[in-house]
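Chemist: I would like to see how this sequence folds:
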Amino acid sequence: MKKYEFTGEEKQVNGRTLKRIRALVAIVGVVSAGDCGGLIEECSNLSHDGDAWVSGDAQVSGDAWVYDDAQVSGNAQVSGNAQVSGDAQVYGDAWVYDDAQVSGDAQVYGNAWVYGNAWVYGDAQVSGDAWVSGDAQVSKTPVVISGIKYTVTITENNASAGCQCWTFDEWKSKTKEDLIKMDGKSAVDFYPTLISIIDMFAGK
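Modeler: From the prediction side, this is the model:
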């Protein structure tokens, strides 16, 4: 049984036509029948099964898929081949894209970005200006350290500084030439601070 239809309202976003949805059935605690939801590109973006829903001005496009009981709301954007499932929530101004996955009871919100092959799951909460990318897997809430040269996000085995995300071991193997390619002298000067932070959280 279909749980939503298109209202006829459309919005052009990055060359794609997104369409506003309207609930055909009530989802307890989420939406009432007849209420409008967010914007999706195709029916393949939002499952008709389960209690999954897209609300507010949230957008789901490309081959992205929201299913099970997952919720995407606010101004959040889910695109590419990303998947949001389980009881996961993506909201605020968060972005989930590329091949990223958010599942379980995980929450991604604020201005957080989850992309690449990253996987956020369990009870993890990714928020603020945190970036989770590459092959990172996050099952616990990351630690975000701001107020320094680059915002640093620490997960179980990964650290991101600015727009760079690597495992602890990969960071420790970086050469001066690697750092210069990242952001010149600023990256070189910041590197000892980053390694100290990594050592603190890695227990070394």
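Chemist: Render the CA-only coordinates of stretch 98-116 in CSV, please.
Modeler: In CSV, the C-alpha atoms belonging to stretch 98-116 read as follows (Å, rounded to 0.1, in the frame of the first residue of the first chain):
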residue,chain,number,x,y,z
ASP,A,98,28.1,9.6,-1.7
ASP,A,99,27.9,6.0,-0.5
ALA,A,100,27.4,6.9,3.2
GLN,A,101,25.1,5.0,5.5
VAL,A,102,23.3,6.0,8.6
SER,A,103,21.5,3.3,10.5
GLY,A,104,20.4,1.9,13.8
ASP,A,105,19.5,4.6,16.3
ALA,A,106,22.1,7.0,14.9
GLN,A,107,21.5,10.7,14.6
VAL,A,108,23.1,13.1,12.2
TYR,A,109,22.2,16.7,12.7
GLY,A,110,23.3,20.3,13.0
ASN,A,111,25.7,21.2,10.1
ALA,A,112,27.3,17.7,10.1
TRP,A,113,28.3,16.0,6.9
VAL,A,114,28.6,12.2,6.4
TYR,A,115,30.0,11.2,3.1
GLY,A,116,32.3,8.9,1.2
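Chemist: residue ranges with poor pLDDT in the protein?
Modeler: 203-204 (pLDDT under 70).
Chemist: for it, what's the longest strand?
Modeler: Secondary structure assigned by DSSP state E gives strand 4-13 as the longest strand of the chain.
Chemist: what about residue 50, distance to residue 25?
Modeler: 12 Å (Cβ to Cβ, to the nearest Å). Where C-beta positions appear, they are placed from N, C-alpha and C, glycine not excepted.
Chemist: Perfect, that will be all.
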